[in-house]
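Student: got a structure for you, letters missing:
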């Protein structure tokens, strides 16, 4: 599944892939077709507005919990979603759009 977004004034396509499923939860990976070069520490600070508590970063990746799932965002913009419920690609795609726009400061007012 493709997710088309406007990020920092540029059309950006994310590709969403399902990795596995168990107990009604799914794991997904989403990656931009062109690496973004994200400042993951700044992304973590912005995600607090969504209710993300204590995002953790080592400068290369950002790890946080959101809506009962574990998320990992890499500098390239790649995102791992572990434990998405309900396990539907549409749910994962909605989460990716919300997270990426908030993390990169593209939130709609």
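Tutor: In hand now; what should we look at? Predicted model only: the values in this text are computed from it and were never measured. Numbering: from 1, shown residues only.
Student: for residue 80, what are its contacts?
Tutor: 27-29, 70-72 (Cβ atoms under 8 Å, 6 or more residues apart in numbering). C-beta: built from backbone N, CA, C; applies to glycine.
Student: secondary structure class for residue 87?
Tutor: For residue 87, the assignment made with DSSP: H, G, I helix; E, B strand; the rest coil gives coil.
Student: skipping its backbone neighbours, what lies nearest it in space?
Tutor: residue 26 (3.5 Å; Cβ to Cβ, 6 or more residues apart in numbering).
Student: the one you found belongs to a helix, doesn't it?
Tutor: No - under the criterion used here (three-state DSSP), residue 26 is strand, not part of a helix.
Student: now list the buried members of the contacts of residue 80.
Tutor: Buried members of these, counted by 16 or more other Cβ atoms under 10 Å: 27-29, 71-72.
Student: want to try CSV for these, with distance to residue 82 and pLDDT as columns?
Tutor: Below are the buried ones among the contacts of residue 80 laid out as CSV (distance: Cβ to Cβ, whole Å; pLDDT from 0 to 100):
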residue, distance to residue 82, pLDDT
27, 5, 97
28, 8, 97
29, 10, 97
71, 8, 94
72, 8, 96
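Student: the lowest-mean-pLDDT helix or strand in the chain - contacts with which helices or strands?
Tutor: Least confident element among the helices and strands of the chain, by mean pLDDT, DSSP states H and E: strand 2-7 (a mean of 87). The helices and strands touching strand 2-7, judged by 3 or more Cβ pairs under 8 Å, 6 or more residues apart in numbering; DSSP states H and E, are strand 10-22, helix 89-103.
Student: the last one: which residues count as buried?
Tutor: Of the residues in helix 89-103, those buried under the neighbour-count criterion (16+ other Cβ under 10 Å) are 91-93, 95-97, 99-103.
Student: any idea how far residue 96 is from residue 45?
Tutor: Noted for residue 96: a distance of 19 Å to residue 45, by Cβ to Cβ, to the nearest Å.
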